[in-house]
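[1] after the sequence you'll find the predicted model.
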Amino acid sequence: MNTEISTLENNPDVQNNITKNEDDRIFRLAPIALLEIDQDGTIINYNNSAKKLFSKVSKDPTELNLLHLENRESKLKLSEYFNQIKNSTSENVIQVDVKYEIEEGKVITFLYKFSHYFPEDNSELKIVAAVEDISSKKEEEQYIRRYFEEMQVVRDDLEERTSELALLNEKLRQSEMQLEEINKNKDRFFSIISHDLRSPFNSLLGLTKLILEDFDGFSREEIKDSLYNLHQVSEGLFNLIEDLLDWSRIQFNRIEFEPKVFNLYEVVSSVVNALRSVAKDKNITVVNLVPKNCTINADAHMIKTIIRNLVNNAIKFTPKYGLIKISSGFDIDDLIVSVEDTGIGMSKEIVNKLFKLDSKVTSSGTEGETGTGLGLLISKEFVEKHNGKIWAKSEREKGSTFFFRIPVEQEEI
């Protein structure tokens, strides 16, 4: 008997059968779903865990062919895999998600982990697969994906709202700056109304009252002097009102910008002629050094106003027998105009305040002439309408030179 047992134990066929039975038992009782599949995609064997798993899709595993699935995406993936392994000698594990529709609108997903090998006896290719239900994992992934998508929407919305808030803050800042500018304009306007406009009216009223009260007592020469003074006061008042009207139109953006080609020399000549009598009273020589053929494309009214204000300012602060020169030149695509005088000059501190609305810089001229400083502010506005720049250079007792620079070609606004 013992000899028979020993013979059986040493018999290779018996040993192979024992090993095969053990493998089958392990295969059948494995805690994970295992399948054996042929090269055509048909499931030819499965274990208990696989039977339980496939009950979720109401299918007997052997009734399934992996190459004839209803889900097109899964079918394409598996067809690609089976085509690859037919000519492959590698034994790599490949994972494929397979979707099954268990009822309308509801899908569960199985993860197949395929492995294939050629047995030692060179028999037909063997394909095995471990299968697990990853539906819950997929749902979690979808939940997480949706969560992050929703978070991205919230983030984008927050960024958009932040941008809108930044834009509103910028508009608010600009509104505050505009309000501050309006308040400065209002303060300057009331300052002019309360002082600068009242003074010439007081002079007019005083002179006319004096003449009316003692007209018969005035000599012909005294009447002439009084009329001259009335004319001077009236002319100053007219210029002040004209400046105020220009300035108010600028503030309300009611001045049209109308560039056109014109002769600069002729415009400067008209300004010099208009101010000739004022200059003559102080024996001041005003020289037009602008080339006679100088033509530019700009707003003629604004350029004339700028030059008139600068020349008038130069006359005011230049003593008797002084000299004022008006020149022009070109720098690449820009025109530069200068008004130079031999007047009393200014300190650096005053020069820095000249074109600032919140810095009132007014002083009496060499013959007691008064002013408001509005002319320079208007000139600055008109120069900037041309996308240009205005500035001054001066030194006490050595005169001043005012410059403005504008592009030669202007576009209508």
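    Nice, thanks for sending it over. Quick caveat: nothing in here was measured; it's all calculated off a predicted structure.
[2] longest strand of the protein?
    In the chain, with assignment by DSSP state E, the single longest strand is strand 106-117.
[3] buried ones in that strand?
    108-112, 114, 116 (16 or more other Cβ atoms under 10 Å). C-beta here means a position set from N, CA and C on the backbone, and glycine is covered the same way.
[4] got it, and stretch 330-345?
    Within stretch 330-345, the residues scored as buried using 16+ other Cβ under 10 Å are 335, 337-345.
[5] farthest-separated two in these?
    Spatially, the most separated pair among the buried residues of stretch 330-345 is L335 and I344, at 28.4 Å (Cβ to Cβ).
[6] before we move on, back to that, closest to E140 out of the buried residues of stretch 330-345?
    Among these, and counting by Cβ to Cβ, the member closest to E140 is L335, at 73.6 Å.
[7] quick one: the helices in this protein?
    2-9, 12-29, 48-54, 72-85, 135-191, 198-213, 220-251, 264-274, 276-281, 300-316, 348-353, 374-385 (DSSP state H).
[8] nearest to I326, out of these?
    Of all these, helix 264-274 comes closest under Cβ to Cβ, at 5.4 Å.
[9] elements contacting that closest one?
    The contact analysis (3 or more Cβ pairs under 8 Å, 6 or more residues apart in numbering; DSSP states H and E) places helix 264-274 against strand 285-288, helix 300-316, strand 323-331.
[10] tell me which of those is the most buried.
    Mean neighbour count (mean count of other Cβ atoms under 10 Å) peaks for helix 300-316 among these, with a mean of 23.
[11] mean confidence for that helix?
    In this model, helix 300-316 has an average pLDDT of 91.
[12] is it true that K99 touches E73?
    Yes. The pair K99 and E73 qualifies as a contact (Cβ atoms under 8 Å) at a distance of 6.8 Å.
[13] tell me which of the two has more neighbours.
    Remark: of K99 and E73, K99 carries more neighbours, 18 against 11, as counted by other Cβ atoms under 10 Å.
[14] what distance do you get for the more buried one to S338?
    According to Cβ to Cβ, to the nearest Å, K99 and S338 sit 85 Å apart.
[15] also I296?
    Look at I296 and S338: by Cβ to Cβ, they are 15 Å apart.
[16] Serialize the helices and strands packed on helix 264-274 to CSV and add fields for distance to E132.
    Shown next, in CSV, are these (distance: least, Cβ to Cβ, whole Å):
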stretch, distance to E132
strand 285-288, 99
helix 300-316, 84
strand 323-331, 82
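[17] so which of the ones you listed comes closest to T366?
    helix 300-316 (7.4 Å).
[18] one step back: can you list the neighbours in contact with the longest strand of the chain?
    53, 56-57, 66, 71, 78, 81, 85, 88, 91-102, 125-135, 138 (Cβ atoms under 8 Å, 6 or more residues apart in numbering).
[19] just the buried residues of the residues you listed.
    Taking 16+ other Cβ under 10 Å as the criterion, what is buried in the contacts of strand 106-117 is 53, 66, 71, 78, 81, 85, 94, 96, 98-100, 127, 129-131, 133-135, 138.
[20] I182 - how many residues pack around it?
    Using other Cβ under 10 Å: I182 sits among 11 other residues.
[21] do F355 as well
    19.
[22] can you offset everything so residue one is 699?
    Okay, using 699 as the starting number, the last item reads as F1053.
[23] ok, it to E1047 distance?
    For F1053 relative to E1047 (Cβ to Cβ), the value is 14 Å.
[24] how's this structure carved up into domains?
    Domain assignment for the chain by automatic domain parsing gives 729-831, 833-894, 898-952, 954-1111.
[25] most packed of the ones you listed?
    Highest mean neighbour count of the domains of the chain: domain 954-1111, a mean of 17 (counted as mean count of other Cβ under 10 Å).
[26] low-confidence ranges in the protein?
    Where the chain drops to pLDDT under 70, the residues are 699-718, 784-789, 818-821, 883-898, 934, 949-950, 1055-1062, 1066-1070, 1108-1111.
[27] nearest residue to the middle of this protein?
    In the chain, the centroid-proximal residue (Cα atoms, centre = their mean) is L865; its distance is 9.7 Å.
[28] any idea how far that one lies from V851?
    Applying Cβ to Cβ, the value for L865 to V851 is 21 Å.
[29] just E830 next, same as before
    E830 is 33 Å from V851, by Cβ to Cβ.
[30] for L877, same thing?
    38 Å.
[31] repeat that for I1076.
    I1076 sits 54 Å away from V851, going by Cβ to Cβ.
[32] contacts only, for the spatially closest residue to N937 that is not a sequence neighbour.
    Counting by Cβ to Cβ, 6 or more residues apart in numbering, the nearest residue to N937 once its immediate chain neighbours are dropped is N1010, at 7.7 Å. By Cβ under 8 Å, 6+ apart, the contact set of N1010 is 937, 973, 976, 1073.
[33] check contacts around the third one.
    Contact partners of V976, counting by Cβ under 8 Å, 6+ apart, are 1010, 1013.
[34] again, 7 Å this time
    Taking Cβ atoms under 7 Å, 6 or more residues apart in numbering, we find V976 in contact with I1013.
[35] distance check, it against G1071.
    Where G1071 is concerned, V976 sits at a distance of 18 Å (Cβ to Cβ).
[36] also the first one?
    Taking Cβ to Cβ as the criterion, N937 is separated from G1071 by 13 Å.
[37] now the second one
    Using Cβ to Cβ, one gets 18 Å for the distance from L973 to G1071.
[38] got the phi/psi numbers for D912?
    Taking degrees, to the nearest 10, you get phi -140, psi 40 for the backbone angles of D912.
[39] list the contacts for V966?
    V966 makes contacts with 986, 988, 1005, 1024, as judged by Cβ under 7 Å, 6+ apart.
[40] ok, now how distant is the closest residue to the third one other than its chain neighbours from L809?
    Excluding the flanking residues, the one nearest I1005 by Cβ to Cβ, 6+ apart is V969, at 5.0 Å. Distance, V969 to L809, by Cβ to Cβ: 92 Å.
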